[in-house]
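>>> Pasting the sequence and the predicted model now:
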Amino acid sequence: EKLKKAEEAEKEKALREAEERKKAEQAKVLKDFKAFEAQKAAEEARKRETTEKHYKKGLGFQDKKAVKEAAKEYQEVIRLDPNHSYAHNNLGTLLYRGGDLKGAVAHYREAIRSNPENAEAYYNLANALDDGTDYNGAIQALNRYIQLTPKKNEADLAGARRFIADLELKKQGSLVPQTS
């Protein structure tokens, strides 16, 4: 009987030790996971910070009319964050001003895909589509711009409505674009 009790005690001790090892392993895995998550969060924060630095540099270059430098900064922002709606919109504007309607439209569409609430991208898209004679597309973009623009911005809304009226006339062939 003493032998049986000793065996049972030994089994219980082995089970307790196995349970303690299992708990220790689980604690280590949890600790490693938390460390990994913290490292990942820190890397994401650094990436966001770097992205915003490039975006602000792009804005600064754009303000100074340094188009190539601004474009380079916006491209870097997009490399770091392909869904940065405002970098796409601003790069589209640079391309539009440089005469690259196709590139501008692509970036405006990407800005909208990344952030469907980016009213400015819809307005810019409308301008580019107008220049490309896609009047229906321009009207659609302006209608979405109007939906997104706060009612308090009455001057902007009135301008968009006039733009739509001009596009309707262009569609009918009644309005010939002005050349200076």
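Received it, and whenever you're ready, just let me know what you need. Bear in mind the structure is a predicted one, so any value in this text is a computation, not a measurement.

>>> show me where pLDDT drops low in the protein?
Within the chain, the segments meeting pLDDT under 70 span 174-180.

>>> Mind doing that once more with 50?
180 (pLDDT under 50).

>>> so which helix or strand takes in residue 50?
Assigned by DSSP states H and E, residue 50 belongs to helix 2-63.

>>> packing partners for that helix?
Here helix 2-63 touches helix 67-80, helix 85-97, going by 3 or more CB pairs under 8 Å, 6 or more residues apart in numbering; DSSP states H and E. Any C-beta I mention is one placed from the backbone N, CA and C, and that applies to glycine too.

>>> Could I get the buried residue list for the first one?
Read that as helix 67-80. 70-74, 76-78, 80 (16 or more other CB atoms under 10 Å).

>>> got a markdown table for those residues, with distance to residue 157 too?
Output for the buried residues of helix 67-80, formatted as a markdown table (distance: CB to CB, whole Å):
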| residue | distance to residue 157 |
| --- | --- |
| 70 | 29 |
| 71 | 31 |
| 72 | 35 |
| 73 | 32 |
| 74 | 28 |
| 76 | 35 |
| 77 | 30 |
| 78 | 30 |
| 80 | 35 |
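
>>> for those, which one is nearest residue 1?
Nearest to residue 1, judged by CB to CB, of those is residue 80 at 73.6 Å.

>>> wait, that closest one sits on residue 46?
No: using CB atoms under 8 Å, residue 80 makes no contact with residue 46, being 10.5 Å away.

>>> picking up where we left off before, same list (the helices and strands packed on helix 2-63) but as CSV, adding distance to residue 169.
Shown next, in CSV, are the helices and strands packed on helix 2-63 (distance: least, CB to CB, whole Å):
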stretch, distance to residue 169
helix 67-80, 33
helix 85-97, 22
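
>>> Out of these, flag the one nearest residue 156.
Among the helices and strands packed on helix 2-63, helix 85-97 sits nearest to residue 156 (CB to CB), with 16.0 Å.

>>> name the helices or strands packed onto the closest one?
Contacts defined by 3+ CB pairs under 8 Å, 6+ apart place helix 85-97 against helix 2-63, helix 67-80, helix 101-114, helix 119-131.

>>> Which stretch among these is buried most, on average?
Highest mean neighbour count among the helices and strands packed on helix 85-97 (mean count of other CB atoms under 10 Å): helix 119-131, with a mean of 23.

>>> Can you identify the element that follows that helix toward the C-terminus?
Per DSSP H and E, the first helix or strand lying C-terminal to helix 119-131 is helix 135-148.

>>> The helix or strand that that next one is followed by: how far from the chain's middle?
Next along the chain after helix 135-148, taking DSSP H and E as the criterion, comes helix 154-172. How far helix 154-172 lies from its chain's middle: 29 Å, per CA atoms, centre = their mean, to the nearest Å.
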